[in-house]
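1. This is a predicted model, with the sequence first.
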Amino acid sequence: DAGVTQSPTHLIKTRGQQVTLRCSPKSGHDTVSWYQQALGQGPQFIFQYYEEEERQRGNFPDRFSGHQFPNYSSELNVNALLLGDSALYLCASSLVPVGGINTGELFFGEGSRLTVL
Amino acid sequence: DAKTTQPNSMESNEEEPVHLPCNHSTISGTDYIHWYRQLPSQGPEYVIHGLTSNVNNRMASLAIAEDRKSSTLILHRATLRDAAVYYCILRDIVDAGNTGKLIFGQGTTLQVKP
């Protein structure tokens, strides 16, 4: 059973460019969340996708956008890159139980390391 | 969102028990206590969670104070592979649609000595 997979694992961009990061959730999971983790800090929630819609958003500017596809995979797009966008970007997946409350775990990928020069 | 307070770092010897404390004095009645850990160069990994009663699983035990204002993650026999950053996180279950948001703090960096 494949876990959460992310691509690419590492990439380097220059200021002003745009980047797209990809995530495939754990098999059977329908919810994808994205996090940004700066060096030495805990992960920060960017947004969450469920049923192909953004359901909740953290304190990130509109330069950060996303998409969820019918197969539940997801993309994170960042426009007009800044030096401060250099970070590890983590994707996490989970499953919303039918008619229930999800108190369960999130499964994280190993992340995409973005360096902005 | 209610916040948690953890020591920045702790040390342990291999094969000894480790008690990682977490304070959450503003916890609400609908907050679950979750623990995640992040090994070097990896994404966070779920460890355990609980509401009121103590919980055990194959990885660890979670001891929750009677007033729920603090909790302790217990690793019964630390190994070198347990060296990681451990995060104590409160998760509100009231809004069932918000399943993906976790508020991470700085966590506790656990060093395990051979």
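-> Yep, that arrived. In this text, all values refer to a predicted model and were calculated from it rather than measured experimentally. Residues are numbered from 1 along each chain as shown, chains lettered A, B, ... in the order given.
2. Which positions in chain B make contact with chain A?
-> B:32, B:34, B:36, B:41-46, B:49, B:85, B:87, B:91, B:93, B:96-107 (Cβ under 8 Å from any Cβ of the partner chain). C-betas here are computed from N, CA, C, even on glycine.
3. one more time with 7 Å
-> B:32, B:42-46, B:49, B:87, B:93, B:96-102, B:104-107 (Cβ under 7 Å from any Cβ of the partner chain).
4. Going through the residues you listed, which ones are buried?
-> B:32, B:43-46, B:49, B:87, B:98-102, B:104, B:106-107 (16 or more other Cβ atoms under 10 Å in any protein chain shown).
5. So which of the residues you listed are in strands?
-> B:32, B:45-46, B:49, B:87 (DSSP state E).
6. and these, which two are the farthest apart?
-> Using Cβ to Cβ, the two most remote members of these are B:Tyr32 and B:Glu45, lying 17.1 Å apart.
7. Which residue lies nearest the spatial centre of chain A?
-> A:Trp34 (2.6 Å; Cα atoms, centre = their mean).
8. buried set for the worst-scoring helix or strand of chain A on mean pLDDT?
-> One helix or strand of chain A scores below all others by mean pLDDT, DSSP states H and E: strand A:53-57, with a mean of 91. For strand A:53-57, a neighbour-count test (16+ other Cβ under 10 Å) marks A:55-56 as buried.
9. What lies in contact with whichever helix or strand comes after it?
-> Next in sequence after strand A:53-57, counting helices and strands by DSSP states H and E, comes strand A:64-68. Strand A:64-68 is contacted by residues A:32, A:34, A:46-47, A:49, A:52, A:54, A:74-78 when judged by Cβ atoms under 7 Å, 6 or more residues apart in numbering or on different chains.
10. Would you confirm that A:Tyr50 contacts A:Thr31?
-> Yes. Look at A:Tyr50 against A:Thr31 with Cβ atoms under 7 Å: they come within range, at 4.7 Å.
11. For chain A, what lies in contact range of chain B?
-> Going by Cβ under 7 Å from any Cβ, the residues of chain A near chain B are A:31, A:33, A:42-43, A:45, A:48, A:55-56, A:90, A:92, A:94, A:96, A:101-103, A:105-106, A:108-111.
12. Quick one: the strands in chain B, in order.
-> Going by DSSP E, chain B shows strands at B:9-13, B:18-23, B:31-38, B:45-50, B:55-56, B:61-64, B:70-75, B:84-92, B:108-113.
13. Which strands or helices does the fourth one pack on?
-> Counting contacts by 3 or more Cβ pairs under 7 Å, 6 or more residues apart in numbering or on different chains; DSSP states H and E, strand B:45-50 packs against strand B:31-38, strand B:61-64.
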